[in-house]
Each structure stands twice: as C-alpha cells, then as structure tokens.
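A.B. asks: Output the structure for:
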Amino acid sequence: MTTLFINIKELIQIRETSTKKVSGAAMNILPTIKNAFLLVENGIITDYGSMKKAPISADKTVDCTGKMMLPTWCDSHTHIVYAGNREQEFVDRINGLSYEEIANRGGGIVNSAKKLQETSEEELYQQSAKRLEEVIALGTGAVEIKSGYGLTVDAELKMLRVIKKLRENYNIPVKATFLGAHAFPTEYKNNREGYINVIIEEMLPKVAEENLADFVDAFCETGYFSVEDTDRILTAAQQYGLTPKVHVNQFTTIGGVQVSIKHNALSVDHLEVMNTEDIEALKGTQTMPVALPSCSYFLSIPYTPAHDIINAGLPLALATDYNPGSTPSGNMNFVVATACIKMKMTPEEAINAATINGAYAMNLSNEVGSITKGKKANLILTKEIPSYGFLPYSFGSNLIDSVFINGKEVQ
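C.D. replies: Predicted structure coming up:
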C-alpha cells in the first residue's frame, strides 16, 4: 500500500538517518522543503522531496495544498496511567496551599496511589486508553508512560501491565518506565529504608521477571528520594538492564543531575531549578535534559532555563508530564507554545525539542521524530497556516487537520 502526499506547503524536520538529536546552536535550525511531496509505503517513509520530483502515482494520493506536514510529537515523560483525578487539590492551590502542603495533608501522589490501589486493572486500562486516544488525536505519535501511582508491589505491577496492554493495542511506540520511587507510602513515612528495600528486593525483580519496563525512574527531590536513595535504586536496577530516566531539580538542586549522569541516564527531567554545576555536569554526556513547561504553568513554579542549557551547547527535549496532580494535560501543542511564550524558545528550537530530541529521550531515534527514509510515517498534517511559527503563536487554536500513524489517518 503506497500513499503519496502532494503539494505540501512545507515539509518540516527533514533529517538524514545519522542525526539522533540536535544540541546547542543547531537547535535553532529546522530543515524543511517547501512545495514538497512525501511517499509512504506500508507505513514507512520511503521518499520525499520537491514537487518537481514527485512520483506520478500511488495507491492513494492526498492533496495537501496550503497545509504543512511534520513528524508527530514525541512525548518522553508522562504519567497517563492513573485513576480518577485531583481537581480538589487544584482548588486547594487556588485557595493558597502549596504543592508541599497538599502532600503533607495526604494529598498529592499518595492520594492518587490510594485511588489506583482501589481501581481494577480493567477500569484503569479503560481510563488510560481514553487519555492515550486523546493525545494521539492531538498529534502525539510516540509516548513514554511511567508507573509510580501504585506504591505497593501489586499496584505498581498493575500499572505496568496496563502500560503493556496499551502498547499491544495501540500502534504507536509506547515506552514503559518503572517509578516505584515516586513517593513514600503513608505506612512507610517513618521507615523510608523499609520502602526502598521493597522497591529493590520485591518490585524490581518482579518487574524484570515479567519484562514490564524499559526504564527506571526516581523522584530525586527534597522531601522525596535523596541522592543516596536514588543512587541505591539506580544501582539495583542496573542488573535488570533498566536505563535511568530521572525526575530531578523540580524544586531544589541537590545533586540529582550528577547522580543520574553517574548511572548514564538517558534523560534528566524537570530541571526547573538549575545551577552552573548542573549544566557543567551535563556537558560531554549522552544524557538528554527534558523540560516540562505545562507543569510550571499549572503549578506556577519557575520554568526550565532553556537558554542557559542550549547556550551551553546542550540539547533539550520537551514533554508534557501528563498526570492528575501537576499537569492534567497531554497536549504537546500547548507544550510547544508555552516553551516559546514562557521559556523564550524559538519555534525551531521548540519543534526540535518536541520531535527529534523527544524521540532520543525514549531511545526511539531510529523509529520516529523526523522526516527520514525508513522511519515510521507518524505525521501531523496542519490546517492551512501561513508558517510553522503560527503553531505556537496561535496557542489556543487546534491547527491539526489530521494525524497519520504508520501512514494511516487516525479517525
């Protein structure tokens, strides 16, 4: 089956197979072809170029006059699998309580864990599948999903089984991350060592036995898991071949970046609070910094200092952090716009961060993230727009005409 897209106003994010990520000044360069064609065969990009060189025929032809095409968003940090919601905490924050105060009152992650433990695996799957369908319709064509709202052996495994089922039933790449170290359960409040032992001695072996995760994560933050705790957990995860992707520097800088790099983390995520040492530590590593601007927006906390990171010659990825407490949205279009508006990233930097660099942060560089021969035809076709800068500029409008996954239009 061949599909030929013709008269594409601008084909965005053209890359050779050798480009896995872009860093520093190169983040401000977005290769495109104007008045282009794209050929898809059996779900794979096989050719593209100027309309002057377009093939004459295909099984199906799509006329894209006035519209632009780019690879689907690659969302490398989500918590899509959760039960219920936390809108009461949203109201509590409006009334003056901080994230930490809500957590201390039994809210936050522990509140979500209680709901999830009481929810059946089938109900959890149904709730999560709806969210996944919603984000695909919004242009996400690859996603990472974390556990971490279980906080018991059974509930963490339940979450990871749901992620596995989503991967089997939806035809976008879905990566799974084990995040047992998301918060300390109430019963371990005064026995943190005891819970870390549960993660290392009970959870990790079972996750590995059922082959339920690609990555391991920990919330390395003041009041949550210390640098020493994180070091222990990442060390234990090594024997099971789990690559780290770590929550660091959301509220404080305590050495989370450094301990993640020590364990060759694929990514360090959040980074709202960064100092010179953190940025220097990332230089020369293969670790991708990941910013989550809609979390900053929702919690009214600082935004990741994008230009401190990019000006240091580093790469940067963007992701949603979709979760019930601090970012109840999986809309990558909003993330890209917010990065431009609040973090002063250029449209080129933001699109690079949300596509090719997002793919890198999930070990998916060979499958998605750019218009490259041999990659999946996971594509966004925009409505008629004047330029790609209009995508973040017109932040409140849905500018997606259609989404194609493996070359097939999502209905």
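A.B. asks: gap between P293 and T327?
C.D. replies: Distance, P293 to T327, using Cβ to Cβ, to the nearest Å: 9 Å. Yep, even glycine has a C-beta here, placed from its N, CA and C like the rest.
A.B. asks: now do A339
C.D. replies: Distance, A339 to T327, by Cβ to Cβ: 14 Å.
A.B. asks: repeat for F90
C.D. replies: Going from F90 to T327 by Cβ to Cβ gives 11 Å.
A.B. asks: Looking at these two, which has the bigger crowd around it?
C.D. replies: Neighbours were counted for F90 and for T327 using other Cβ atoms under 10 Å; T327 has more, 24 against 16.
A.B. asks: can you pull the pLDDT of the more buried one?
C.D. replies: If you check T327, the pLDDT there is 95.
A.B. asks: before we move on, what about S98?
C.D. replies: S98 is assigned 85 on the pLDDT scale.
A.B. asks: Same check on the one 4 residues further on?
C.D. replies: Reported pLDDT at I102 in the predicted model: 85.
A.B. asks: in its sheet, what does the helix or strand harbouring P244 sit against?
C.D. replies: Assessed by DSSP states H and E, P244 sits inside strand 243-248. Strand 243-248 has the following sheet partners, assigned by DSSP bridges: strand 215-220 (parallel), strand 267-270 (parallel).
A.B. asks: Among those, which comes closest to L70?
C.D. replies: Closest of the strands paired with strand 243-248 to L70 is strand 267-270, at 22.0 Å (criterion: Cβ to Cβ).
A.B. asks: what does the model give G108 for pLDDT?
C.D. replies: Per-residue pLDDT puts G108 at 81.
A.B. asks: what about L364, distance to A236?
C.D. replies: 26 Å.
A.B. asks: The two: which has the busier surroundings?
C.D. replies: Legend: neighbour count by other Cβ under 10 Å for L364 and A236, higher for L364 (21 against 18).
A.B. asks: give me phi/psi at the more buried one?
C.D. replies: Here is the backbone geometry of L364 (degrees, to the nearest 10): phi -120, psi 20.
A.B. asks: tell me the contacts of it?
C.D. replies: C74, A142, P173, K175 (Cβ atoms under 8 Å, 6 or more residues apart in numbering).
A.B. asks: hey, where'd the helices end up in the stretch 51-200 of the chain?
C.D. replies: Assigned by DSSP state H, counting those that start in this stretch, the helices in the stretch 51-200 of the chain fall at 87-94, 99-104, 108-117, 121-137, 153-169, 192-198.
A.B. asks: Check those for me: which has the lowest mean pLDDT.
C.D. replies: Ranked by mean pLDDT, the helices of the stretch 51-200 of the chain end with helix 99-104 at the bottom, a mean of 81.
A.B. asks: Run through the neighbouring helices and strands of that one.
C.D. replies: With contacts taken as 3 or more Cβ pairs under 8 Å, 6 or more residues apart in numbering; DSSP states H and E, helix 99-104 sits against helix 87-94, helix 108-117.
A.B. asks: Pick the most deeply packed of those helices.
C.D. replies: helix 108-117 (a mean of 21; mean count of other Cβ atoms under 10 Å).
A.B. asks: Now do it and helix 121-137, the angle between them.
C.D. replies: Here the directions of helix 108-117 and helix 121-137 differ by 120 degrees (axes from the mean of the first three to the mean of the last three Cα atoms, to 10 degrees).
A.B. asks: what residues are up against the residue nearest the centre of the chain?
C.D. replies: With distances taken as Cα atoms, centre = their mean, the residue of the chain nearest its centroid is S76 (2.2 Å). Counting by Cβ under 8 Å, 6+ apart, S76 touches 143-144, 175, 245, 267, 269, 288, 290, 317, 319, 358-359, 361-362.
A.B. asks: circling back: how about the strands paired with strand 243-248 in TSV, adding mean pLDDT, distance to R15 and mean neighbour count?
C.D. replies: Compiled in TSV, these are given as follows (pLDDT from 0 to 100; distance: least, Cβ to Cβ, whole Å; neighbours: other Cβ atoms under 10 Å):
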stretch	mean pLDDT	distance to R15	mean neighbour count
strand 215-220	98	24	28
strand 267-270	98	20	28
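A.B. asks: just so I know, which of those lies nearest G84?
C.D. replies: Closest approach to G84 among those (Cβ to Cβ): strand 215-220, 20.3 Å.
A.B. asks: just checking, next helix/strand downstream of that closest one?
C.D. replies: In N-to-C order, the element after strand 215-220 by DSSP H and E is helix 227-238.
A.B. asks: what's that following helix packed up against?
C.D. replies: Contact here means 3+ Cβ pairs under 8 Å, 6+ apart; on that basis helix 227-238 packs against strand 174-181, helix 192-198, strand 215-220, strand 243-248, helix 256-262.
A.B. asks: if we compare those, which one ends up closest to S394?
C.D. replies: Evaluated over these, closeness to S394 peaks at strand 174-181, with 29.6 Å, by Cβ to Cβ.
A.B. asks: now that closest one and helix 121-137, what's the angle there?
C.D. replies: Calculated by the same axes, to 10 degrees, strand 174-181 forms an angle of 120 degrees with helix 121-137.
A.B. asks: so what strands line up beside strand 174-181?
C.D. replies: If you go by DSSP bridges, strand 174-181 pairs up with strand 140-146 (parallel), strand 215-220 (parallel).
A.B. asks: ok now that strand, how far from the chain's centre?
C.D. replies: 12 Å (Cα atoms, centre = their mean, to the nearest Å).
A.B. asks: Let me see the ranges of the helices in the stretch 251-400 of the chain.
C.D. replies: Under DSSP H, counting those that start in this stretch, the stretch 251-400 of the chain gives helices at 256-262, 276-282, 293-299, 306-311, 332-343, 347-354, 356-360, 390-393.
A.B. asks: Thank you, goodbye.
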